[in-house]
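# Sequence below, structure please.
(one chain, ligands or ions: 2)
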Amino acid sequence: MSTLQEKINQTIVDVNDFPKEGIVYKDITPLFLNPELSGEIVDAFVEKAKGKVDIVCGIESRGFLYGIQIAQKLNVPFVLIRKAGKLPPPTISESYDLEYGQATIEVNSNYIKDGARVLIHDDVLATGGTAEACAKLVEKCGGKTTQFSFIVDLTFLNGKDKLTPFATDIVTLIEY
Ligand SMILES: O=P(O)(O)OC[C@H]1O[C@H](OP(=O)(O)OP(=O)(O)O)[C@H](O)[C@@H]1O
Ligand SMILES: Nc1ncnc2[nH]cnc12
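Ligands and ions are numbered 1, 2, ... in the order given. This is a model prediction of the structure:
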């Protein structure tokens, strides 16, 4: 019997030189072709977050896919963190650097209540810039990031270093 980590490793596809030369892109979309494996992944995240969070924030776009399922299973609200210009007001923004570019993310400023314990969920932790920007948005809204969760950690980019000032509870299912 394969472990969850082995099943994820066998399913994720490496794509060389995408979206830019020199980047090895981890394509996680084949995970969604497998409903049984996707169910196990969601359950693994839910198990780690149970009783610890009041809100799940999912990061556009791939962070939405398991993020909303995690929130539903935890019976807590799901909040979308979107790329700039996609959400109607009232929003607040944060800009950051990516492994392959620059970006700005936004959240509805009314959705994260004062003192809320927040799980920030995304598919891949690379440089950590996106999740760090998300934690800054949560802080600006008066919330507290208590856990981060990712399917993949690209450890050679040291993304966790950017996140530990916000929360040391960082769940990752597979590391490369
Ligand atoms: O740790 P970082 O260096 O910040 O990189 C991680 C981010 O990069 C990818 O998103 P991408 O911008 O490719 O968007 P997508 O999810 O819409 O494909 C990934 O889904 C994370 O959100
Ligand atoms: N190498 C990579 N593969 C997939 N998603 C990413 N997001 C940032 N870097 C990535």
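# which ones are touching the residue of the chain found nearest ligand 2?
Going by C-beta to the nearest ligand atom, ligand 2 is nearest to residue 126 of the chain, at 3.4 Å. C-beta coordinates here come from the backbone N, C-alpha and C atoms, glycine included. Counting by C-beta atoms under 8 Å, 6 or more residues apart in numbering, residue 126 touches 98, 99, 154, 157, 159.
# again with residue 96
Here residue 96 is in contact with 102, 103, 104, 105, 129, 130, 132, 133 (C-beta under 8 Å, 6+ apart).
# that older thread, from ligand 1, how far out is the residue of the chain closest to ligand 2?
Per C-beta to the nearest ligand atom, to the nearest Å, residue 126 is found 3 Å from ligand 1.
# again, but for residue 69
Distance from residue 69 to ligand 1, by C-beta to the nearest ligand atom: 16 Å.
# for residue 154, same thing?
8 Å.
# Which pLDDT value goes with that residue?
Looking at residue 154, its pLDDT stands at 98.
# That one contacts residue 174, correct?
No: the criterion here is C-beta atoms under 8 Å, and residue 154 misses it with residue 174 at 10.2 Å.
# interface residues of the protein facing ligand 2?
Listed as neighbours of ligand 2 in the chain under the rule C-beta under 6 Å from any ligand atom: 23, 24, 25, 26, 99, 124, 126, 154.
# From the residues you listed, keep the buried residues only.
By neighbour count, with 16 or more other C-beta atoms under 10 Å, the residues of the chain next to ligand 2 hold 25, 26, 99, 124, 126, 154 as buried.
# Format those residues as a markdown table; extra columns: distance to residue 139 and secondary structure.
Output for those, formatted as a markdown table (distance: C-beta to C-beta, whole Å; DSSP: H, G, I helix; E, B strand; the rest coil):
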| residue | distance to residue 139 | secondary structure |
| --- | --- | --- |
| 25 | 30 | strand |
| 26 | 28 | strand |
| 99 | 23 | coil |
| 124 | 22 | strand |
| 126 | 21 | coil |
| 154 | 25 | coil |
